[in-house]
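Q: Build me a model:
(chains A and B)
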Amino acid sequence: MRILHELGVVLEVVKTVENFAKANGLTKIDTLVLQIGELSSMIPRYIEACYPAAVDGTLLQDTKLKIEILPGNAICKHCEKVFNVIENNGVCPKCQSKEFNLLGGKEFIIKEIVAC
Amino acid sequence: MSSFKVIEIKESVFSDNNKQADKLREELKKNKTFLLNLMSSPGSGKTTTVLRTIEALKDEMKIGVLEADIDSDVDAEKVSKTGAKVIQLHTGGMCHLDADMTNQGITELGIEGIDLAILENVGNLVCPAEFDTGASKNAMILSVPEGDDKPLKYPLMFSIVDVLLINKIDAMGIFDFDIEAVKKRVEKLNPNIKVIPISAKTGEGIDEWVAWLREQVKKWNE
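A: Reported below is the predicted structural model:
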């Protein structure tokens, strides 16, 4: 079930990129770059695992996949320190508060393609 | 290779689906059809809850049901006995429905004259949470035997739904299920959520659930 989850989402990526390529008259896509937040529900190695199956028979069949990880950073509500949520287990390393506002890390973005 | 260039897209992966979902929602609104997306894990009592809901509302509104399953039509058969219009959607192995599939189901069902359409999503707490189906409101069922720790394990699902039904409360005595703990955990993720304890088996709490749903349908058509 786990890879199935990523597969559904990667199929969505393929659809979006194909539509973008069509709309912009692109015929060859060399590389696809995704940005995934480290707090997103998507797991990069599962994305990579199902990618070949998802692109099979599509315009992205020979397209290389590159994944960039975006950090899950937050700002402490009490002392305003910026810290990484995962590395610090959700606790501010400066004042030990558990209350923070997330600055990022839940993204799942198609960043760019290398195409012609 | 020299003609290849980097083209920025900067688009959230779900934007395509979100656009389709918004379009479907608009159409439903125009047609005065309320679409409820009902999600849960397998065996939580989705179909029994749907049957109860139809029974309670069938005299005041016209109801259609979309049954989504990876395979089989056992649920559709059960629901069709109520006299409600039922469409079986096979997701073909996919673990969720997206807006496009929902749109196909809605088209097949035919929304003309349908006041309330209930989408019984695939039994799964992970994937359906990621995809906007175009529904007017999202509901989920958590049943007592599943345990009160589920909001901790599947936070996304609990954070996107408008209403949480806690089903099988008639079995509360048998399981270590702390309903207050669930409420606290859920409200932390989703402060605006409505929590309604029910038993689809005995009918307890169904009145409150149906009242909530009736109110939402009314608001949708205003």
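Q: going forward, measure contacts and count neighbours with C-alpha atoms only.
A: Will do.
Q: Which residues of chain A lie near chain B?
A: A:1, A:4-5, A:8-9, A:12-13, A:16, A:30, A:107-116 (CA under 8 Å from any CA of the partner chain).
Q: which of those residues are buried?
A: A:4-5, A:8-9, A:12-13, A:16, A:30, A:107-116 (16 or more other CA atoms under 10 Å in any protein chain shown).
Q: Let me know the distance separating the most centrally placed residue in chain B from chain A.
A: With distances taken as CA atoms, centre = their mean, residue B:38 lies nearest the centre of chain B, 1.6 Å away. Distance of residue B:38 to chain A, computed by CA to the nearest CA, to the nearest Å: 18 Å.
Q: For that residue, grab phi and psi.
A: Note on residue B:38: its backbone torsions stand at phi -110, psi 120 [degrees, to the nearest 10].
Q: Tell me the confidence at it?
A: At residue B:38, the model reports a pLDDT of 96.
Q: How about the one 10 residues further on?
A: Residue B:48 carries a pLDDT score of 94 in this model.
Q: Tell me the gap between the strand or helix carrying it and the middle of its chain.
A: Secondary-structure assignment from DSSP states H and E places residue B:48 in helix B:46-57. Put simply, helix B:46-57 sits 13 Å off its chain's centre (CA atoms, centre = their mean, to the nearest Å).
Q: who touches that helix?
A: Applying CA atoms under 8 Å, 6 or more residues apart in numbering or on different chains, the contact partners of helix B:46-57 are B:38-40, B:63, B:75, B:79, B:82, B:84, B:118, B:120, B:141, B:200-201, B:203, B:206, B:210.
Q: Repeat the analysis, applying 7 Å as the threshold.
A: Residues outside helix B:46-57 that contact it (CA atoms under 7 Å, 6 or more residues apart in numbering or on different chains) are B:75, B:79, B:200, B:210.
Q: Number of residues surrounding the residue nearest to residue A:103 when sequence neighbours are not counted?
A: Counting by CA to CA, 6 or more residues apart in numbering or on different chains, the nearest residue to residue A:103 once its immediate chain neighbours are dropped is residue A:74, at 4.9 Å. Close neighbours of residue A:74, defined as other CA atoms under 10 Å in any protein chain shown, add up to 22.
Q: pLDDT of the one helix or strand residue A:74 maps to, averaged?
A: Per DSSP H and E, residue A:74 falls inside strand A:73-76. Strand A:73-76 shows a mean pLDDT of 94.
Q: and it, which strands flank it?
A: strand A:82-84 (antiparallel), strand A:100-102 (antiparallel) (DSSP bridges).
Q: and the helix or strand that comes right after the last one, what does it pack onto?
A: In this case it means strand A:100-102. Later in the chain than strand A:100-102, the nearest helix or strand by DSSP H and E is strand A:108-115. In terms of contact count using 3 or more CA pairs under 7 Å, 6 or more residues apart in numbering or on different chains; DSSP states H and E, strand A:108-115 is assigned the packing partners strand A:29-37, strand B:5-12.
Q: just the ones you listed: most buried one?
A: strand A:29-37 (a mean of 21; mean count of other CA atoms under 10 Å in any protein chain shown).
Q: Export the helix or strand bottoming out on mean pLDDT in chain B to CSV, keeping only CA atoms.
A: Lowest by mean pLDDT, DSSP states H and E among the helices and strands of chain B is helix B:74-80, with a mean of 83. Extracted as CSV, the C-alpha positions of helix B:74-80 are listed here (Å, rounded to 0.1, in the frame of the first residue of the first chain):
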residue,chain,number,x,y,z
VAL,B,74,-20.8,-5.9,-2.7
ASP,B,75,-21.3,-2.4,-1.2
ALA,B,76,-23.2,-1.1,-4.3
GLU,B,77,-25.5,-4.1,-4.1
LYS,B,78,-26.3,-3.5,-0.4
VAL,B,79,-26.9,0.2,-0.9
SER,B,80,-29.1,-0.2,-4.1
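Q: what's the next secondary structure element after that helix?
A: That would be, after helix B:74-80 and using DSSP H and E, strand B:85-90.
Q: That next one pairs with which strands, parallel or anti?
A: Strand B:85-90 is paired, per DSSP bridges, with strand B:63-69 (parallel).
Q: contacting residues around the strand it pairs with?
A: B:75-76, B:84-91, B:105, B:114-122.
Q: let's see 6 Å
A: Defining contact as CA atoms under 6 Å, 6 or more residues apart in numbering or on different chains, one finds that strand B:63-69 is touched by B:76, B:84-90, B:114, B:116-122.
Q: Can you flag the buried ones in those residues?
A: B:76, B:84-90, B:114, B:116-122.
Q: Residue A:70 pairs with what?
A: residue A:37.
Q: Hmm, it is touching residue A:39, no?
A: No - between residue A:70 and residue A:39 there is no contact, the gap being 8.7 Å when judged by CA atoms under 6 Å.
Q: Find the residues that touch each one of those two.
A: With contacts defined as CA under 6 Å, 6+ apart, the residues shared by residue A:70 and residue A:39 are residue A:105.
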